[in-house]
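1. Pasting a predicted model and its sequence here:
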Amino acid sequence: MPAVVRAPRLALLVLLVAGVAATPAQQGKSLFGAHCLSCHGGNGAGTSRAPSLRNVGARAADFYLRTGYMPLPHLGLQPRRSRVLFDESQIRALVAYVASLGNGPAVPKPHPERGNLSAGQHLFSTHCAGCHQIAAQGGVVTGAIPPPLEDATDVQIAEAVRIGPYVMPSFSKKAISDRELDSIVRYVDWAKHPDNRGGWAIGDIGPVPEGLVTWFIAAAALVGLCVVIGKRLPHG
Amino acid sequence: MVGDPDLEAEPVIRKAVRFLDTRTGTTPIVRKTLRYLFPDHWSFLLGEVALYAFMVLVATGVYLTFFFVDSTHQVVYHGPYAPLAGQHMSEAYRSVLNISTTVKAGLLIRQTHHWAANVFVAAVILHLLRVFFTGAYRKPRELTYWIGVTMLMLALLEAYIGYSMVDDLLSGMGLVIGYSVGLSIPFVGGNLMAWLFHGPFPGQGVFWPRMYILHVFLFPLLIGGLLTAHLLLVAMRHHTQFRRRSSQSEHAVMGVPTWPGQAPRSLGLLFGTAGVLFLLGGLVQINPIWLWGPFHTYASTNGAQPDWYLGWLIGGLRLVPSFDLTIGSYTLVPNPFWGGAAFPLLVFGFLYLWPWIERRFSGDHAFHNLLERPRDNPIRTAIGTGVASWVVLVFIAGASDRATVLLDVPYTGQIDVYRVLVWVLPLVFAAVAYRLCEELQAAERVQRDEHEAEAEARLART
Amino acid sequence: MGRARTLLVSAAVVLLGRRKRKPPENADRVVPKLPPNPGAEAVAIGLLFLAALFAVAFVVVYAVDSLPAHTQLLGLTLGLSLLAIAASLIVTAKKLVATEELVEPYTPDEHPGEQELLVQVVEESGDRLTRKRLFKMGLGAAGGTLGLAVLAPALSFGPFFQTKYYRGTPWRRGRRLVDEHFHPVRASDIEENGFYAAFPEGLSLDGREELGAGVVLVRLPVHALRLPPELHGYDAGGIVAYSKICTHAGCAISMYRAPLFQPDEPRPALVCPCHYSTFDPADGGSVTFGPAGRRLPMLPIGVDAKGYLRAKGNFDDEVGPTWWGTRIWKPSP
């Protein structure tokens, strides 16, 4: 019989020490087992409920965990930005573990300062505005809700473009080069505080809020003015 | 030595009046005009709000014509707005970028112009609702009413052309949709649009000057002329009134004379309207075309909507299920026709025909100078409520993707629900309106009876 | 010295107001006599000077364009100036002028006498005509035809009778597909889950505005394709090309639903952002949701010897929004 089992207290001590000195990947494995395995399968092999994580790399794990897209509250939902279940060290651990599952891409390092704002605007208009709206306010597609991008960090933007989460198309380096991606990130950052020189921006999405202002501010004020100036019918 | 201002005012006024009379002979008309009576109710001022918004439109519009370039010739942008640096765009779009970023006070005038357009249509519709629900369109004022409905139609077209001239991504999408609705007109749609655009969309460059001339010259002239006729008719037939006093009747009008009573009120409304519009123009951003970027037929953005007064049409277009009416390989009615053309035709048809329909079915062919309150005519109020709620429901359905974004309600589900609601709810609202009118009338009858009984009792006691 | 004193006195007089002089002696006034309201008067006058202040501020702001929030300050100053005048006028209307309500008769419903006279004049003036019907026909013919004739040149606005322009696209058999930057597209560039746009080679930037120019490219696994018989062979090893222009109302199709994990997620679809017409790229572009009444036209493509994508002909159906002739003619190969 192995010496460890014949000496339970020693075994416990060894386990404890092992736990403290565990690599992030090992810590990640236990976290994975607790939160992800039921859908993504052992060693991330995938099940009928969730895809394989074999070669998705650190990139995917970093994106889905930091945005709170994962864990999914329940199956069939669109992954949405929500509560981040894990703290920094846990995220690192999980990312390391998922990365160890195959040969997937690393976490991207975008450089928006190297990008060109106008090129970014044009690229965003070409590839992204159809779903995310030209000012990155989000929108609608049949069966999904492309989110607004004001909370997305530079890294998350780069990750999402490459991954194509849920029903978003994925754009490889052949489709959008790293330099182009820098420009897109730069534009999305700019769109978080766009040029609103006209005054109160009312959402940067155009005519719907403009119509609301027309009726509930302008028309209301002018009808009020008419009531002040003119007479009212007496009661009865 | 400074003289007595009061004493000195008299000769000046006298001299002016004498000059006017001897040179133009119009003193009788001026006197009549100055003492013309305006029946007093706040809802009678809504038409004036529209008129003053129109004046602001013309004034700001003239200013804009001095900067706008009506050309689709493609240029490369080298102006101060960084996110569009080096991009290809039309001269038209660039000129509006220029107005918005470089011309001093340009953005103020541009935004005021656009707010004025939105408010103009809103005021016209409020005025139309007042006219409809009080029966002001009845004999002898049908002409005035038809001119008004025509002006509303022209205003919608004029505004649509106005914001489409900018050639930005949002309005360009709206333009191709308008083109498609035109294409969908049975028998002649294809020919008509090729004729209008000089070829299939986007047409030749000459289409832009066509929009420009329509927007800055032909339509304003048309609307201005109709407006003049409209106001003249109102004056000549005299304005209708509610019956507030026994001194009022179908034959005697009570009102405030133009001078000195009505003039400061109307002028106050003019400056008030202009003030609200300029405040909006400076403080609330509208149509930030620099954010949208230039239009290309191969580009589009999510969340694109027409201006609010065309929201009923996008609702119509989105609600109609997928089908083209074909006979063999001849497409009789392409899909956009129903929501984009038949729907507004029906609504405007109803508006135009209503005075005749009401006369026919109520048998009321009399002259009417007195107005009815909405409760006084339950049938008209119910029908009007039904039609209006139909339009409003389709309008709301047209913006249902906003509800998806804000409230997470699935879009496809909403469309399915609205497809039923837009037919069912108007009937419900009409029935409710009818009942409300009947109840309010019954309550008034009870009150009147009580007052009469009291009066009789008092008389009996004395 | 005397002059200055005079000026001071006049200024004081103007500023402080003065007692109203005796009204005219005639007893029948037109405008009713009401007592003055110095409080309201002060407010009305004060508002006018406030308006003046704002108007001056507007000009100052206009001149100093280095001010931040320039448009907002301009709107604020001008708007408040106008509103101050409005307020002054309304105070005047409510408190300073007689807003009496008078009664007078409505204009007569009709003028039977005048009507009679008019009818008489028209009838009597036609006394010398013996063939009135013919005359009217002649006038109608002349006026009607002249009216139409004068309108005839309006036909030159555009090709009213020529519908062939709808049927053309810049695609031809053998034409290469190029991307946004005019680079030819390789089949290997098109990856699954990606969403691409392409144009015919040789078209200028302006030429791309033609509705028949743009195509969307997506790659589907070959086993997932369910193309109808008439569209067999239109794909290039799973890469399918469709017109970028929605058949409903002409907007560009700029959305592609590319599910990462098929079992749980909506199927691949091309979606238009205008009215959400949804097209299935796997079965020839049929409409699965939304108002479009016609499926997306498909461009037959193949891979040439060097690996570039080339069109094998024209679209299988007319591109763009539907008009009456859409299903009658097909684009020429």
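-> Received it, and whenever you're ready, just let me know what you need.

2. And the helices in the stretch 301-450 of chain B?
-> For the stretch 301-450 of chain B, the helices defined by DSSP state H, counting those that start in this stretch occupy B:311-319, B:336-337, B:343-362, B:378-398, B:400-407, B:411-461.

3. between the last one and helix B:378-398, how many degrees?
-> In other words, helix B:411-461. Using axes from the mean of the first three to the mean of the last three CA atoms, to 10 degrees, the direction of helix B:411-461 lies 150 degrees away from that of helix B:378-398.

4. how does chain A divide up, domain by domain?
-> As assigned by automatic domain parsing, chain A contains the domains A:23-99, A:112-192.

5. residues contacting the closest residue to B:P264 other than its chain neighbours?
-> Closest residue to B:P264 apart from its sequence neighbours, by CB to CB, 6 or more residues apart in numbering or on different chains: C:A93 at 3.8 Å. To be clear about C-beta, it is placed using only N, CA and C from the backbone, and glycine gets the same treatment. Taking CB atoms under 8 Å, 6 or more residues apart in numbering or on different chains, we find C:A93 in contact with A:229, B:261, B:264-265, B:268, C:99.

6. what's the pLDDT at C:A93?
-> Looking at C:A93, its pLDDT is 93.

7. on that earlier part again, quick one: which of the helices of the stretch 301-450 of chain B is nearest B:G106?
-> Closest approach to B:G106 among those (CB to CB): helix B:311-319, 27.9 Å.

8. buried sites along stretch C:84-103?
-> C:84-97, C:99, C:101 (16 or more other CB atoms under 10 Å in any protein chain shown).

9. Could you tell me the end-to-end distance of it?
-> With CA to CA, to the nearest Å as the measure, the first residue of stretch C:84-103 is 33 Å from its last.

10. Centre of the chain to it, how far?
-> Averaging C-alpha positions (CA atoms, centre = their mean, to the nearest Å) puts stretch C:84-103 40 Å from its chain's average.

11. Same check on stretch B:234-243?
-> 22 Å.

12. Same check on stretch C:39-51?
-> The answer for stretch C:39-51 is 42 Å, by CA atoms, centre = their mean.

13. quick one: it near chain B?
-> No. Residues of stretch C:39-51 are not located near chain B by CB under 8 Å from any CB of the partner chain, the shortest gap being 8.8 Å.

14. Which residues of chain A lie near chain C?
-> So chain A meets chain C at A:48-51, A:75-76, A:126-127, A:129-131, A:139-144, A:163-172, A:174-175, A:197-199, A:225, A:228-229 (CB under 8 Å from any CB).

15. at 6 Å what do you get?
-> A:51, A:76, A:130-131, A:141-143, A:164, A:167, A:169-170, A:172, A:174-175, A:199 (CB under 6 Å from any CB of the partner chain).

16. before we move on, which element is residue 187 in?
-> No chain was given, so I picked chain A. helix A:178-192 (DSSP states H and E).

17. ah, no, chain B please
-> Here B:F187 is assigned to no helix or strand, by DSSP H and E.

18. Okay, it and chain A: tell me how far apart.
-> 32 Å (CB to the nearest CB, to the nearest Å).

19. Next, work out how far apart that residue and B:S266 are.
-> Separation of B:F187 from B:S266 (CB to CB, to the nearest Å): 48 Å.

20. more neighbours, these two?
-> B:S266 (19 against 11; other CB atoms under 10 Å in any protein chain shown).

21. The more buried one looks like it's in a helix, true?
-> Yes. Applying DSSP: H, G, I helix; E, B strand; the rest coil, one finds B:S266 inside a helix.

22. What score does it have for pLDDT?
-> pLDDT, read off for B:S266, is 96.

23. before we move on, what about C:L53?
-> On the pLDDT scale, C:L53 gets 98.

24. Which strand or helix spans it?
-> C:L53 belongs to helix C:38-63, assigned by DSSP H and E.

25. Tell me which other helices or strands that helix touches.
-> For helix C:38-63, the packing partners by 3 or more CB pairs under 6 Å, 6 or more residues apart in numbering or on different chains; DSSP states H and E come out as helix C:70-91.

26. re the thing from before, what is the nearest of the buried residues of stretch C:84-103 to chain A?
-> Chain A has its nearest neighbour among the buried residues of stretch C:84-103 in C:I90, at 6.2 Å by CB to the nearest CB.

27. Please report the distance of that closest one from chain B.
-> 4 Å.

28. mind listing what that residue touches?
-> Contacts for C:I90 (CB atoms under 6 Å, 6 or more residues apart in numbering or on different chains) come out as B:G268.

29. how about a cut-off of 8 Å?
-> Applying CB under 8 Å, 6+ apart to C:I90 gives the contacts A:228-229, B:264-265, B:268, B:272.

30. try B:H365
-> Here B:H365 is in contact with B:139, B:359 (CB under 8 Å, 6+ apart).

31. who touches the residue of the stretch 151-300 of chain C found nearest chain A in this structure?
-> Closest to chain A within the stretch 151-300 of chain C is C:S254: 2.6 Å, counting by CB to the nearest CB. Neighbouring residues of C:S254 by CB under 8 Å, 6+ apart: A:129-131, B:299-302, C:272-273.

32. buried ones in the helix holding A:Y187?
-> Those buried within helix A:178-192 under the rule 16+ other CB under 10 Å are A:180-191.

33. Contacting chain B as well, which ones from those?
-> Okay, of those touching chain B (CB under 8 Å from any CB), that's A:187, A:190.

34. now the buried residues of helix A:178-192 as JSON lines including pLDDT and distance to B:Y179?
-> Putting the buried residues of helix A:178-192 into JSON lines (pLDDT from 0 to 100; distance: CB to CB, whole Å) gives the following:
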{"residue": "A:E180", "pLDDT": "97", "distance to B:Y179": "33"}
{"residue": "A:L181", "pLDDT": "98", "distance to B:Y179": "36"}
{"residue": "A:D182", "pLDDT": "98", "distance to B:Y179": "38"}
{"residue": "A:S183", "pLDDT": "98", "distance to B:Y179": "33"}
{"residue": "A:I184", "pLDDT": "98", "distance to B:Y179": "31"}
{"residue": "A:V185", "pLDDT": "98", "distance to B:Y179": "36"}
{"residue": "A:R186", "pLDDT": "98", "distance to B:Y179": "35"}
{"residue": "A:Y187", "pLDDT": "98", "distance to B:Y179": "30"}
{"residue": "A:V188", "pLDDT": "98", "distance to B:Y179": "32"}
{"residue": "A:D189", "pLDDT": "98", "distance to B:Y179": "36"}
{"residue": "A:W190", "pLDDT": "98", "distance to B:Y179": "33"}
{"residue": "A:A191", "pLDDT": "97", "distance to B:Y179": "30"}
